[in-house]
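[1] The amino acid sequence is not available; the structure is as follows:
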């Protein structure tokens, strides 16, 4: 059982989607996250164990290596694809409630800004670490974030901006969300964003990389689970 | 307005697979599938693009104000910041420029993103950025050639949003050009459309110089383009 979970974890870490996928070259012709996850379920492995002991474990490695510049965006995207292939088999277990996600994260690029590659990368990393992600897309205003936050009051909201001109819109969004729900946690990121700016607009977290957001979500998850 | 505008032929564009691989973080001699094929396909498509455009407008009477660290052109005052002003301080005149990789590639990125083809969208997006920059290299070379005939040299180019030059100043820059110049528009948040477009300033004069490596001047140490050799 452990061997199979380790194999799935390895597929996530190195971005091996399925048998047909030529990537990574040294795993060519081998089964990928797709086939191995199905195999694990067919052999009676618990879907929650597959998620926690294989998929999340693999994705944690990806986040760590990306932070240390050991891998770059293309490799992360391949890992996310492998993760997506495995998750497709676990979807019925999420729907039935047999497997629970760790929490929910609402993510979007703020009003006026159309950059979405970085934001999507963060969304994939968060999802790969066991969270439900509601991706609102780009050019998202305060009202839209509020609307979704009211639907999921426990969800953490993550804002992205790639321009100094749009970064300022984060302040309005943070204020709108916190005025309505003071307990809501709002995280910010993007090229021009800094810790100083985060402090100034009273956001809860600034992270320069996706892993920082994942670690913050995990901390909240642990604290909530303990209470 | 005395603006120069060029439609850049794909044959003039200098981007090769090794360059793309390098900025993506791959060993140029060992690009794994599917990236090798994706990059090759995108590069081949460049030959079909007919909407790559760029141009500039020269302001012969624009002068840098060294104490205020500003440049005024046509009554519009720019604040490029201390860092950029250091490189432009010897300029006797300035060219403001705009350049776009065009709607075609920008739309391709959007289509792939909408189809959730993240890997494909990423490759196209990256090549779009390189294409805009390579197209601007061509425009920069045209400018350098024209100036050389007059015994003048050009500096590197600098853009709002980089080296602490506020990206919002792009709005001022657009006021120096006729509406729709090169087919480029600007949003309220200073986002250019087509998305793969660049704008900025180049210094001109007898005492200015072009540096092949200017990355040490930039604080963005994570930039993938860092330390790529530039030439005009």
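    Now that the structure is in, tell me what you want to look at. Note that the structure is predicted; figures quoted are calculated from it, not measured.

[2] Pull the number of nearby residues for the closest residue in space to residue A:88 that isn't next to it in sequence.
    Sequence neighbours aside, residue A:34 is the residue nearest to residue A:88 in space, at 7.7 Å (criterion: Cβ to Cβ, 6 or more residues apart in numbering or on different chains). C-beta coordinates here come from the backbone N, C-alpha and C atoms, glycine included. Burial of residue A:34 is recorded as 23 neighbouring residues (other Cβ atoms under 10 Å in any protein chain shown).

[3] Isn't residue A:34 up against residue A:87?
    No. The criterion here is Cβ atoms under 8 Å, and residue A:34 misses it with residue A:87 at 10.2 Å.

[4] helices or strands next to the biggest helix by length in chain A in the packing?
    Scanning chain A for the helix with the most residues, using DSSP state H, yields helix A:73-96. Packed against helix A:73-96 by the contact rule (3 or more Cβ pairs under 8 Å, 6 or more residues apart in numbering or on different chains; DSSP states H and E) you find helix A:2-14, helix A:33-42, helix A:47-50, helix A:56-67, helix A:117-128, helix B:118-149.

[5] Name the stretch among the ones you listed that sits most buried.
    Across these, averaging neighbours per residue (mean count of other Cβ atoms under 10 Å in any protein chain shown) puts helix A:117-128 on top, at a mean of 23.

[6] Let's have the helices and strands packed on helix A:73-96 in CSV, adding mean pLDDT and distance to residue A:146.
    Rendered in CSV, the data for these read as follows (pLDDT from 0 to 100; distance: least, Cβ to Cβ, whole Å):
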stretch, mean pLDDT, distance to residue A:146
helix A:2-14, 96, 34
helix A:33-42, 97, 36
helix A:47-50, 94, 33
helix A:56-67, 93, 29
helix A:117-128, 92, 18
helix B:118-149, 95, 28
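
[7] of all those helices, which lies closest to residue A:192?
    Nearest to residue A:192, of all the helices and strands packed on helix A:73-96, is helix A:117-128, at 11.9 Å by Cβ to Cβ.

[8] elements contacting that closest one?
    Against helix A:117-128 (3+ Cβ pairs under 8 Å, 6+ apart) you get helix A:56-67, helix A:73-96, strand A:103-109, strand A:131-135, strand A:156-160, helix A:210-226, helix B:118-149.

[9] Can you see whether the last one contacts chain A, counting any residue in it?
    Pointing back at helix B:118-149 there. Yes. Contact of helix B:118-149 with chain A (Cβ under 8 Å from any Cβ of the partner chain) involves B:118-119, B:121-123, B:125.

[10] What are the contacting residues of the lowest-mean-pLDDT helix or strand in chain A?
    Using mean pLDDT, DSSP states H and E, helix A:164-167 stands out as the lowest-scoring helix or strand of chain A, at a mean of 88. With contact meaning Cβ atoms under 8 Å, 6 or more residues apart in numbering or on different chains, helix A:164-167 is reached by A:109-113, A:161, A:190, A:192-193, A:197, B:161, B:166-168, B:189-191.

[11] now do stretch B:143-158
    The contact list for stretch B:143-158 (Cβ under 8 Å, 6+ apart) reads B:4, B:56, B:80, B:84, B:87-88, B:91-92, B:95, B:97, B:136, B:140, B:165, B:200-206, B:208-211, B:214, B:230, B:232.

[12] That stretch: end-to-end distance?
    15 Å (Cα to Cα, to the nearest Å).

[13] ok, now stretch A:25-40?
    24 Å.

[14] Relative to its centre, which residue of chain A is most distant?
    residue A:29 (28.6 Å; Cα atoms, centre = their mean).

[15] for that residue, helix, strand, or coil?
    Look at residue A:29: counting by DSSP: H, G, I helix; E, B strand; the rest coil, its state is coil.

[16] so who does the closest residue to it other than its chain neighbours touch?
    Distance criterion Cβ to Cβ, 6+ apart; nearest residue to residue A:29, sequence neighbours excluded, is residue A:19 at 7.2 Å. By Cβ under 8 Å, 6+ apart, residue A:19 lies in contact with A:29-32, A:34-35.

[17] check which helix or strand covers residue A:19.
    Assigned by DSSP states H and E, residue A:19 belongs to neither a helix nor a strand.

[18] wait, does the host helix or strand of residue A:188 contact chain B?
    For residue A:188, the host element (DSSP H and E) is strand A:186-189. No. Judged by Cβ under 8 Å from any Cβ, strand A:186-189 and chain B are separated, with a smallest distance of 13.2 Å.

[19] Just list what the very next helix or strand once past that strand packs against, helices and strands only.
    Counting by DSSP H and E, the next helix or strand C-terminal to strand A:186-189 is helix A:195-200. On a contact count with 3+ Cβ pairs under 8 Å, 6+ apart, helix A:195-200 meets strand A:205-206.

[20] How confident was the prediction at residue B:84?
    Per-residue pLDDT puts residue B:84 at 92.

[21] Do I have it right that it meets residue B:163?
    Yes. With contacts counted by Cβ under 8 Å, residue B:84 reaches residue B:163, the gap being 5.1 Å.
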